[in-house]
Every structure is written in structure tokens, then in C-alpha cells.
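[1] Starting from these lines, generate the structure:
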Amino acid sequence: MSLSSTSAEPGHGSVRVAAAVGVAIAVLVPLTVLFAQVWSSTGSARSFTADERRGVAYLAPLTRLLSASTEAQSAAVRGRTVDAAAVRSAVAAVDEVDARLGRTLRTSERWNDVRQLVQQRLTVPSWQPPTAYTQYSDVNTKLLALTRTVGDNSRLVLDPAIDAYYVMNASLLRIPEVLVDSGRYADLSVLFPTGGNDAARAQLAAARNRIATDETDLSDGLLKAFAQTDSSRLAPALTRQLDDFRSAVDAVAPSTSLLAPVPERSVTDLIANQDALQQATLGLQQASLTALDELLADRAGAQTRTRVIAIAAAAAGLLVAGWLAGLVWRWAPARPPRRRDDLDDDEPVAPYRPANGTPVPVRPERSGGARAAR
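    Just a heads-up that it's a prediction; the model follows:
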């Protein structure tokens with residue numbers, strides 16, 4: 001065998017390496033692509049869900065402050081002492097949640113503005129009823145705007161699931177509006193016990209019909225959520241509170257028609273009905289936010305499980321790739337089969353035996369890539 005053939009021999013052992021590496025790559029490349037896609041999508045989904053849960057956490061104390069401010073407005077309009085301690089306690093709760101989540105939800109600047117307004121209102125010992133209505137109504141409008149900011153920046157308003165979306169619709173969009181409008185309706189009724197002028201009657205009718213419209217939208221949405229959810233806990237958690245809320249709304253604003261006259265009732269009865277509606281609304285809000293957070297927590301758990309499964313699948317894929325590469329290494333030839341054209345001139349060739357039986361030595365000879373005997 002020639003020197004060139006001897007020196008090339010070790011290179012033939014790389015066939016096994018190349019085959020093993022090829023098999024490993026064929027298994028690992030698609031596995032890596034799929035794992036990266038799953039990891040990226042679940043990462044985005046986990047971030048989305050975490051933002052939503054921050055929004056839910058912020059809404060709970062913010063709704064309590066909105067209720068306290070509405071009650072302060074009603075007390076001031078009726079000439080009663082405002083429960084400043086309750087308002088300050090609610091402000092402190094929002095301070096705490098904003099300190100934790102305000103930077104992420106980008107609410108701190110707006111909250112500081114609202115906080116100053118609330119503090120200013122509390123420094124005035126008494127108001128003239130119309131002035132009290134105007135001043136506290138401005139605070140409540142800004143609190144509603146802050147509520148919507150929380151919903152936008154936490155991406156709660158973009159929730160893709162039907163059940164969570166309609167629970168969000170109730171707790172973020174409808175319940176705060178009902179709290180404010182029911183307070184305004186009762187306070188306007190106190191300010192204008194006989195209906196007042198045309199402008200006052202228009203404000204009363206508008207507030208009453210907003211309450212009824214929001215109740216209808218909220219109820220229809222929650223019923224859709226109950227029908228579409230996979231959670232066995234959602235309907236039992238909200239049914240009783242929803243029934244109490246609907247009954248309380250019917251007592252305050254039974255008509256959804258803008259042309260319907262203001263229901264005739266005494267101011268005392270209306271105030272009692274309004275207080276019952278406030279309590280029922282707060283009860284539904286607490287239950288809705290708890291149920292919404294549970295839905296989001298279940299979703300976050302499913303996203304975590306998907307990631308765990310992806311990691312397990314990737315690990316199994318690595319093992320399979322290693323096993324297949326080992327099999328190929330074991331069974332693949334050490335070197336490729338050699339062709340006759342690859343033989344060197346110095347290698348012996350079996351002698352040619354003619355018909356008479358006398359061997360005739362022959363040597364391979366290259367001529368234009370072909371071999372001839374001589």
C-alpha cells in the first residue's frame with residue numbers, strides 16, 4: 001500500500017463522527033426551534049397575566065376609596081359630617097398599593113393629583129350642598145379616570161378569555177360607574193326634591209338611566225361568563241352577590257327608558273335604597289375581583305405547567321438525540337467502502353488466468369481515469 005493511502009486511513013474514522021453529529025443535529029434543530037417558540041410565547045403570556053393581576057390588586061383599594069368619596073359627597077350634600085377617617089383610611093390603602101405597583105402601571109402621577117384633591121376636600125369643615133356636590137363630583141370623576149388608567153396600563157381591558165373579560169367588564173367598567181352615578185342620583189334628588197328645573201330633571205334622568213344601563217350590561221356579561229367558563233367556582237362565587245346587586249338597582253333605578261318619568265318616592269326612601277345599593281355594589285365588586293384574580297391565577301398556573309412540559313420535552317429530546325447518535329456511532333462503518341478505481345498502482349491485483357491455466361501477472365494502469373491490464 002502506498003504512503004498516500006496509509007496517511008488517509010485515519011480520516012476514514014470520521015465517518016462515524018459525521019453520521020452521529022448529523023443525526024443529533026436532525027433531532028435537535030427542530031426541537032430547539034419548537035422549544036424557543038413555546039418559551040417565548042409562554043413568557044409573553046405570563047407577563048400579560050402578571051400585569052392583569054397587578055391591575056386587579058390596584059382596583060380593590062381604589063374602588064373602596066371611590067365608595068368612600070361618594071359617601072362623603074352624599075354626607076356633605078345632606079349637611080352631615082363627612083367621615084374623614086374613612087376617607088383617609090381608603091387613601092392610605094391606595095398609597096400602599098401605588099407604592100408597590102404605581103411605577104409598573106404608570107399611575108403614580110395621576111394618583112398624586114387625585115390624592116391632593118381628596119385632601120383638599122377634607123380640609124373644608126362644611127360645604128353648601130350644591131358646592132359639595134360639585135366639588136366631590138369632580139373628585140369622583142378623576143377617580144373614575146384613574147380606574148380606567150389602571151385598566152389600560154394593566155391590559156385588563158384586553159383580556160382574551162370570555163369569562164375573565166366579562167368579569168373584568170363588571171369590576172373595572174360597570175361597578176365604579178354605578179357607585180358614582182347612584183350617589184349622584186340620590187344627591188340630585190336631595191338637592192331637587194320636587195324635580196327642580198328642566199336641567200335638574202335631565203340630570204336625574206340621565207343618572208338613573210346610566211345606572212340601569214350599566215346594570216343590564218354587567219348582568220348580561222356575567223351570565224355569559226358563567227356559560228362560557230371552564231371554572232367550577234365562578235358562578236357560585238358571584239351568583240348571590242349579582243342577585244343582591246340587581247335587586248338593589250331595581251329599587252333605585254327601575255327604568256331604562258330616557259322618556260320614563262322619575263319614580264315617585266320620598267327622599268328618605270331613596271337614601272335608604274341608595275345606601276343598600278352601595279353595599280350591594282361593594283359586595284359584588286369584592287367577589288368579582290376575587291373571582292377574576294382566581295381565573296388569572298389558574299391561567300398563570302397553566303402557563304407555568306406548559307413551560308415545565310417544554311423543559312421536560314427538551315430534556316427527553318436531548319436524551320433521544322444522544323441515544324440515536326450512539327447507535328449511529330456503533331453501527332456506522334469506520335470508513336466508506338473503497339472503489340476499485342481508488343486502488344494505487346503499487347497494490348497487488350489478482351493475476352489473470354487464461355484458459356490454459358497459466359497465470360499471467362497484471363498490474364493496474366491508469367489511462368484517462370480507466371484501468372488496463374498489460
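
[2] what's the neighbour count on residue 41?
    Counted with other C-beta atoms under 10 Å, the burial measure for residue 41 works out to 13 neighbours. For glycine as for every other residue, the C-beta is placed from the backbone atoms N, C-alpha and C.

[3] whoops, I mixed them up, residue 25
    13.

[4] Would you mind measuring from it to residue 312?
    When distance is defined by C-beta to C-beta, to the nearest Å, residue 25 is 22 Å away from residue 312.

[5] Not counting its neighbours along the chain, what's nearest residue 142?
    residue 114 (4.9 Å; C-beta to C-beta, 6 or more residues apart in numbering).

[6] In the helix or strand where the one you found lies, which residues are buried?
    Assessed by DSSP states H and E, residue 114 sits inside helix 108-122. Going by neighbour count (16 or more other C-beta atoms under 10 Å), the buried part of helix 108-122 is 110-111, 114-115, 117-118, 121.

[7] now the next helix or strand after it and helix 108-122, what's the angle there?
    Downstream of helix 108-122, the next assigned helix or strand under DSSP H and E is helix 129-153. Counting by axes from the mean of the first three to the mean of the last three C-alpha atoms, to 10 degrees, helix 129-153 lies at 160 degrees to helix 108-122.

[8] So which elements touch helix 129-153?
    Helix 129-153 makes packing contacts with helix 14-77, helix 84-105, helix 108-122, helix 175-191 when contacts are defined by 3 or more C-beta pairs under 8 Å, 6 or more residues apart in numbering; DSSP states H and E.

[9] Averaging pLDDT over each of those helices, report the lowest-scoring one.
    Among those, helix 14-77 carries the lowest mean pLDDT, at a mean of 85.

[10] Provide a list of residues in contact with the residue nearest to the spatial centre of the chain.
    Geometric centre of the chain, nearest residue: residue 49, 3.0 Å, by C-alpha atoms, centre = their mean. Residues near residue 49 by C-beta atoms under 8 Å, 6 or more residues apart in numbering: 296, 299-300, 303.

[11] What subset of the residues you listed is buried?
    Among those, those scoring as buried are 296, 299-300, 303 (criterion: 16+ other C-beta under 10 Å).

[12] Might you specify the subset of the residues you listed located within helices?
    296, 299-300, 303 (DSSP state H).

[13] Mind putting these into a markdown table with pLDDT and distance to residue 106?
    Listed next are these as a markdown table, based on pLDDT from 0 to 100; distance: C-beta to C-beta, whole Å:
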| residue | pLDDT | distance to residue 106 |
| --- | --- | --- |
| 296 | 95 | 20 |
| 299 | 91 | 23 |
| 300 | 90 | 22 |
| 303 | 80 | 24 |
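
[14] And the residues you listed, which is closest to residue 242?
    residue 296 (19.9 Å; C-beta to C-beta).

[15] surely the closest one meets residue 53?
    Yes - judged on C-beta atoms under 8 Å, residue 296 makes contact with residue 53 at a distance of 5.1 Å.

[16] State the number of residues packed around residue 190.
    Residues lying near residue 190 (other C-beta under 10 Å) number 17.

[17] coming back round to it: in JSON lines: the buried residues of helix 108-122, plus distance to residue 64.
    Formatted as JSON lines, those follow (distance: C-beta to C-beta, whole Å):
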{"residue": "110", "distance to residue 64": "18"}
{"residue": "111", "distance to residue 64": "14"}
{"residue": "114", "distance to residue 64": "14"}
{"residue": "115", "distance to residue 64": "14"}
{"residue": "117", "distance to residue 64": "17"}
{"residue": "118", "distance to residue 64": "13"}
{"residue": "121", "distance to residue 64": "17"}
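
[18] related to what we said a few turns ago, any chance of the buried ones among the contacts of residue 49 in TSV, plus distance to residue 185?
    What follows is these, written out as TSV (distance: C-beta to C-beta, whole Å):
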residue	distance to residue 185
296	33
299	37
300	39
303	43
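
[19] For residue 290, which non-adjacent residue is closest in space?
    residue 237 (7.0 Å).

[20] Touching, that neighbour and residue 291? I think so.
    Yes - counting by C-beta under 8 Å, residue 291 is a contact partner of residue 237 at 4.7 Å.

[21] between the two, which one's more packed in?
    residue 291 (27 against 16).

[22] ok, so what distance separates the more buried one from residue 214?
    19 Å.

[23] Residue 204 too?
    Noted for residue 204: a distance of 16 Å to residue 214, by C-beta to C-beta.

[24] In terms of neighbours, single out the busier of the two.
    Comparing residue 204 with residue 214 by other C-beta under 10 Å, the one with more neighbours is residue 214, at 22 against 19.

[25] what residues are up against the nearest residue to the more buried one once chain neighbours are set aside?
    Nearest residue to residue 214, sequence neighbours excluded (C-beta to C-beta, 6+ apart): residue 174, at 4.6 Å. Counting by C-beta under 8 Å, 6+ apart, residue 174 touches 214-215, 217-218, 221.

[26] what's the angle from the helix or strand harbouring residue 215 to helix 175-191?
    Secondary structure from DSSP H and E places residue 215 in helix 198-228. On the basis of the same axes, to 10 degrees, helix 198-228 is oriented at 150 degrees to helix 175-191.

[27] Tell me which residues of helix 198-228 come out buried.
    Of the residues in helix 198-228, 203-205, 207-215, 217-219, 221-222, 225-226 count as buried by neighbour count, 16+ other C-beta under 10 Å.

[28] the strands in the stretch 251-374 of the chain, which residues?
    Using DSSP state E, counting those that start in this stretch, the strands found in the stretch 251-374 of the chain span residues 366-367, 370-371.

[29] Mind telling me which of those strands the model trusts least?
    The bottom spot among those, by mean pLDDT, belongs to strand 370-371, with a mean of 43.
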